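got a structure for you, letters missing:
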């Protein structure tokens with residue numbers, strides 16, 4: 001019994017102790033639950049509203065309290081409270097407008113993204129010190145360029161992922177749809193529109209490209225292998241190549257950074273202190289490394305400069321992150337906002353290399369809050385290799401200095417492939433863009449709308465397998481024909497993938513004559529480019545036809561013709577056969593055969609002045625011509641049949657040799673012509689750019705004026721870049737000539753004192769030296785002629801003017817300086833010309 005009693009005591013003690021533990025544990029659980037029920041949590045991230053990139057180390061605080069902290073290097077923050085300190089959260093960061101967020105304090109938690117609108121980098125107190133710390137940091141960045149610029153390496157390679165997105169913005173489709181013909185397209189777009197942060201966007205385009213990029217410094221070579229491309233229906237390989245990394249190299253360590261067609265001064269420029277003010281506003285520790293926060297602002301308004309900030313590593317003075325944006329006074333057209341962000345990663349103890357860059361441009365052609373578009377390009381870099389033999393081995397495969405290779409089936413990768421190779425996943429919005437684009441582009445009503453807009457903009461429209469246009473040539477008028485009607489029809493790529501046919505018929509109600517042209521183009525091979533071209537033309541000669549210029553056979557020429565200038569009319573009957581072959585990537589050959597007959601109609605020496613005895617026809621020629629063109633690293637954008645040059649960073653040269661034969665198809669003349677030219681577009685930042693063309697030639701033989709070298713004149717008040725604007729057509733004849741055209745676009749120049757006007761300054765000079773042999777003078781300078789020749793003297797036009805008027809207009813003031821006295825009376829020595837130019 002005693003033992004049992006002792007056991008009962010111990011049992012009761014154990015049970016009591018267990019009950020107390022259970023009670024204590026239960027109380028603790030309920031206390032934690034109560035505490036959790038009372039805890040207030042807010043987490044979030046601070047981003048730039050334009051670039052959508054994180055803003056590091058922004059200050060976050062609760063208004064009218066002492067509670068606050070800084071976001072981390074990725075812009076993230078979090079707070080935990082038992083009760084809310086205040087109902088207003090405020091966020092500040094240098095270069096941004098203060099942001100206040102009203103909180104619903106009845107809620108226990110928030111997860112938010114703060115989008116900061118841009119302010120200026122000039123806020124805050126400026127402390128006067130003996131040493132400008134910002135200027136000191138800039139000097140250290142410049143001094144350490146040779147150790148931090150990635151182009152210091154002998155060679156390098158990386159895998160590149162490039163993503164490009166294009167969104168339409170500020171489209172009010174309710175007003176758009178009030179116009180009855182456009183209502184179906186308005187309804188369709190409203191069903192597929194995206195709404196973000198209160199602004200309406202219509203996703204228009206999204207591309208992805210994955211490639212391997214290789215670079216070697218000496219001898220310089222570049223190579224890119226495009227492994228995969230998701231272009232959402234765009235199959236143009238020339239466009240695909242431009243979406244890679246070859247043409248998108250931005251280096252903040254360079255003295256100048258390209259922005260569209262302009263060169264902006266880099267904050268890391270060797271002469272940056274002349275263009276920028278620098279301030280150090282903070283020092284932070286990121287991943288156990290200290291960084292200076294350097295802010296820079298333009299010293300002068302209206303220049304080609306940025307504003308922004310960067311984080312600079314203490315010790316190596318390497319740039320870890322650069323944030324560039326255009327100031328409000330920047331002289332760039334149509335750009336409402338622009339962001340350029342670059343981030344660098346440390347590969348080892350001291351090797352810094354580019355890891356990400358992002359370019360965001362908010363383009364508003366009609367002004368702020370008007371319809372426009374936003375372009376976003378994000379590029380990331382992985383698998384970086386520097387100074388390695390594998391890079392040299394890959395570049396040894398290059399046939400030319402720079403080569404872009406697109407692998408077979410690069411554009412046919414499936415969704416699982418892209419999910420595995422993307423450097424960063426698509427956002428939910430980006431994933432939806434692809435579906436939206438597919439929905440819109442396949443809708444019949446949208447196809448009809450885009451065809452209509454293309455017809456208005458380009459003048460051409462497809463009808464089945466055929467192409468109609470351009471509409472600008474359908475109705476016009478001239479002194480000889482009176483009212484003129486013309487109708488064009490041609491085939492398109494759906495008719496035949498390698499053959500394009502085109503013809504037009506024109507009728508003048510004044511001369512009551514039918515004219516026309518027919519041509520055929522055969523493109524058997526695009527790389528290397530080879531084609532055959534044949535044409536027959538029986539029409540008036542309407543003058544030099546250059547891209548972007550207005551000719552007489554155009555509805556817009558009716559209102560801009562010079563008064564008092566006699567109209568010269570001549571009819572041309574021409575048969576042409578051409579063979580083109582790109583023998584090397586930088587050299588092309590074009591062999592041409594022409595048979596031409598000229599018939600002067602008005603204010604020119606008549607054909608009877610050049611009659612022959614026998615069966616030969618006057619003013620009839622048969623000639624063979626060979627043109628050699630040299631263009632190193634020239635870029636092109638290609639349509640299905642044709643291509644347009646984007647120019648080259650090197651001079652482009654041409655040499656043409658022409659031989660005329662008498663007695664073939666009643667041709668009348670034996671002669672030889674030699675002509676050569678060199679053209680270049682030279683960028684000289686910060687002083688703008690210079691367009692230069694030097695040319696010359698000689699004709700061996702005695703010929704009528706239609707076959708001599710006729711200086712290009714302009715009889716319109718619309719400025720012609722390629723002609724002498726104070727010279728008339730058919731005014732100066734030569735059989736030996738040389739000339740130079742120079743145009744220097746300075747930028748804002750003297751207008752920098754009026755930055756809000758955003759006007760631009762330029763000057764032009766066009767000089768010509770020419771002569772005409774005694775034999776050719778005797779043949780052509782007959783009674784009734786209006787020709788002149790320079791006889792070895794100088795013809796010189798000088799001009800200046802105002803560009804960028806209302807962002808699209810230009811006025812040229814042109815002086816005809818030499819000859820100072822003109823043999824022919826009635827010629828003006830000063831003129832004012834207008835033109836329409838769309839440039840950034």
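Cool, the structure landed. Quick caveat: nothing in here was measured; it's all calculated off a predicted structure.

residues contacting residue 95?
118-121, 295, 307-309 (CB atoms under 8 Å, 6 or more residues apart in numbering). Every residue, glycine included, has its C-beta placed from N, CA and C.

recalculate using a threshold of 10 Å.
Applying CB atoms under 10 Å, 6 or more residues apart in numbering to residue 95 gives the contacts 48, 55, 116, 118-123, 281, 295, 297, 307-309, 323, 325.

likewise residue 584?
399-400, 528, 630, 632.

ok, it to residue 643 distance?
17 Å (CB to CB, to the nearest Å).

for residue 594, same thing?
Distance from residue 594 to residue 643, by CB to CB: 23 Å.

for the chain, give me the ranges with low pLDDT.
Scanning the chain for pLDDT under 70 picks out the ranges 1-38, 121-131, 172-203, 232-248, 429, 432-434, 436, 543-559, 612-615, 820-827.

try it again with 50
1-15, 17-18, 29-32, 34-36, 124-127, 195-199, 544-550, 555, 825-826 (pLDDT under 50).

all strands of the stretch 351-500 of the chain, in order?
352-363, 372-386, 402-406, 461-463, 466-468, 475-478, 482-491, 499-508 (DSSP state E, counting those that start in this stretch).

repeat for the stretch 551-700 of the chain
569-584, 587-602, 620-631, 635-638, 643-647, 652-660, 671-683, 689-700.

can I get these in a markdown table including distance to residue 388?
A markdown table is the format used below for the strands of the stretch 551-700 of the chain (distance: least, CB to CB, whole Å):
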| stretch | distance to residue 388 |
| --- | --- |
| strand 569-584 | 30 |
| strand 587-602 | 33 |
| strand 620-631 | 33 |
| strand 635-638 | 29 |
| strand 643-647 | 32 |
| strand 652-660 | 36 |
| strand 671-683 | 33 |
| strand 689-700 | 37 |
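
right, so of these, which gets closest to residue 350?
strand 671-683 (33.1 Å; CB to CB).

partner strands of that closest one, with direction?
Note on strand 671-683: by DSSP bridges, its sheet partners are strand 652-660 (antiparallel), strand 689-700 (antiparallel).

middle-most residue in the protein, spatially?
The chain has residue 260 as the residue nearest its centroid, 5.2 Å off, counting by CA atoms, centre = their mean.

OK, contacts around that one?
So residue 260 contacts 332-335, 338, 361, 363, 839-840 (CB under 10 Å, 6+ apart).

one more: residue 76?
If you count contacts by CB under 10 Å, 6+ apart, residue 76 has them with 43-46, 54, 56.

next: residue 657.
Each residue near residue 657 by CB under 10 Å, 6+ apart is listed here: 624-628, 672-676.

how many residues are close by residue 106?
Residue 106 has 6 neighbouring residues, counting by other CB atoms under 10 Å.

so how far is residue 715 from residue 600?
Residue 600 is 16 Å from residue 715, by CB to CB.

the strands of the stretch 551-700 of the chain: which one's closest to residue 213?
strand 635-638 (17.0 Å).

identify the neighbouring strands of that closest one in the sheet and state each direction.
Partners of strand 635-638 in its sheet, by DSSP bridges: strand 643-647 (antiparallel).

what about residue 644, neighbour count?
11.

can you pull up the bridge partners for it?
Beta-bridge partners, per DSSP bridges, of residue 644: residue 637.

likewise residue 794?
When assigned by DSSP bridges, residue 794 has beta-bridge partners residue 769.

ok, it touching residue 769?
Yes: counting by CB atoms under 10 Å, residue 769 is a contact partner of residue 794 at 5.9 Å.

who has more neighbours, the two?
Comparing residue 794 with residue 769 by other CB under 10 Å, the one with more neighbours is residue 769, at 17 against 12.

next one: that one from residue 739, what distance?
Look at residue 769 and residue 739: by CB to CB, they are 7 Å apart.

so what's in contact with the two at the same time?
Contact criterion CB under 10 Å, 6+ apart; residues shared by residue 769 and residue 739: 696, 795.

make JSON lines from the strands of the stretch 351-500 of the chain and add distance to residue 302 and mean neighbour count to it.
Shown next, in JSON lines, are the strands of the stretch 351-500 of the chain (distance: least, CB to CB, whole Å; neighbours: other CB atoms under 10 Å):
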{"stretch": "strand 352-363", "distance to residue 302": "19", "mean neighbour count": "20"}
{"stretch": "strand 372-386", "distance to residue 302": "22", "mean neighbour count": "18"}
{"stretch": "strand 402-406", "distance to residue 302": "36", "mean neighbour count": "17"}
{"stretch": "strand 461-463", "distance to residue 302": "42", "mean neighbour count": "14"}
{"stretch": "strand 466-468", "distance to residue 302": "45", "mean neighbour count": "17"}
{"stretch": "strand 475-478", "distance to residue 302": "42", "mean neighbour count": "17"}
{"stretch": "strand 482-491", "distance to residue 302": "45", "mean neighbour count": "16"}
{"stretch": "strand 499-508", "distance to residue 302": "47", "mean neighbour count": "18"}
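
show me the contacts for residue 695.
Counting by CB under 10 Å, 6+ apart, residue 695 has contacts 654, 675-679, 737-741, 768.

farthest-separated two in the residues you listed?
654 and 768 (18.0 Å).

who's more crowded, these two?
Between residue 654 and residue 768, counted using other CB under 10 Å, the more crowded position is residue 768 (23 against 17).

got the contact list for residue 628?
583, 587-590, 653-657, 676.

for it, name its beta-bridge partners.
residue 589, residue 655.

how near is it to residue 297?
In terms of CB to CB, residue 628 sits 51 Å off from residue 297.

the helices in the stretch 201-350 of the chain, which residues?
All helices of the stretch 201-350 of the chain, identified by DSSP state H, counting those that start in this stretch, fall at 237-242, 272-275.

circling back to that earlier point, which of the contacts of residue 95 fall within strands?
Within the contacts of residue 95, residues falling in strands by DSSP state E are 48, 116, 281, 295, 297, 307-309, 323, 325.

buried only: go through the residues you listed for me.
48, 116, 295, 297, 307-309, 323, 325 (16 or more other CB atoms under 10 Å).

now do the residue nearest to residue 218 when sequence neighbours are not counted against residue 211, distance only.
Counting by CB to CB, 6 or more residues apart in numbering, residue 218 lies nearest to residue 154, which is 7.1 Å off, once chain neighbours are set aside. Distance of residue 154 to residue 211, given as CB to CB: 21 Å.

what do you get for residue 302?
Residue 302 sits 38 Å away from residue 211, going by CB to CB.

settle it for me: which of the two has more neighbours?
residue 211 (26 against 21).

run through the bridge partners of that one.
Applying DSSP bridges, one finds that residue 211 bridges with residue 160, residue 226.

just residue 346 next, same as before
Where residue 346 sits in a bridge, its partners, by DSSP bridges, are residue 352.

list the residues that contact it.
Counted by CB under 10 Å, 6+ apart, residue 346 has contacts 287, 289, 313, 316, 318, 320, 352-353, 355.

make CSV from the residues you listed and add distance to residue 164 to it.
Putting the contacts of residue 346 into CSV (distance: CB to CB, whole Å) gives the following:
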residue, distance to residue 164
287, 31
289, 32
313, 30
316, 32
318, 28
320, 25
352, 26
353, 23
355, 19
